[in-house]
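*Asks:* Compute the structure for the input listed below.
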Amino acid sequence: MSLFSELFGGGGMKSIQSGYVSTTSLSSGSGEDTEYVDITISSVNTAKAVITFAGGFADSVVNTTFRSGGTSVQEPTRRLTSPTNLRLAVPNTFASACAGRWTVMEYD
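*Replies:* Okay, the predicted model is just below:
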């Protein structure tokens, strides 16, 4: 038995959703969600989903991708806040842009 099937049951892949986000329209909150981006996805079972993200938050969209000019890029936390919402967030006001590729994989 594979580790995935032990953790998620049947172990088969049910769905994969992927996209690219590139925005300077960040929402404001507090704590872990001081700045965040919400992405609408098709409904998934949050207990059987895994998220990946390659990218980050920085002072511009260009710098999130290329890290030009010695700019720091902060990797966001990523979580499903509901079956249809993926949230990328950072706990500070460092950034003014977010860009990167996200993937949500749901297992049987």
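
*Asks:* Quick check, residue 23 in contact with residue 98.
*Replies:* Yes: between residue 23 and residue 98 there is a contact at 5.7 Å, judged by CB atoms under 8 Å. Every C-beta, even on glycine, is put in place using the N, C-alpha and C of the backbone.

*Asks:* all helices of the chain, in order?
*Replies:* 3-8, 61-66 (DSSP state H).

*Asks:* which stretch in those has the least confidence?
*Replies:* Comparing mean pLDDT across the helices of the chain, the weakest is helix 61-66, with a mean of 58.

*Asks:* Lowest-scoring secondary structure element of the chain by mean pLDDT?
*Replies:* Lowest on mean pLDDT, DSSP states H and E among the helices and strands of the chain sits helix 61-66, with a mean of 58.

*Asks:* Residue 23 and residue 98: which has the busier surroundings?
*Replies:* residue 98 (27 against 13; other CB atoms under 10 Å).

*Asks:* List the residues that contact the more buried one.
*Replies:* Contacts for residue 98 (CB atoms under 8 Å, 6 or more residues apart in numbering) come out as 21-23, 26, 37, 55-57, 61, 64, 76, 88.

*Asks:* remind me which residues of the protein are low pLDDT?
*Replies:* Along the chain, segments meeting pLDDT under 70 span 1-11, 61-71.

*Asks:* Recalculate using a threshold of 80.
*Replies:* For the chain, the stretches with pLDDT under 80 are 1-11, 59-73.

*Asks:* And the strands in it, which stretches?
*Replies:* 13-23, 27-28, 35-40, 49-58, 77-82, 85-90, 97-107 (DSSP state E).

*Asks:* how about the fourth one: buried residues?
*Replies:* So that's strand 49-58. Neighbour-count burial for strand 49-58, with 16 or more other CB atoms under 10 Å as criterion, is recorded at 49, 51, 53, 55-58.
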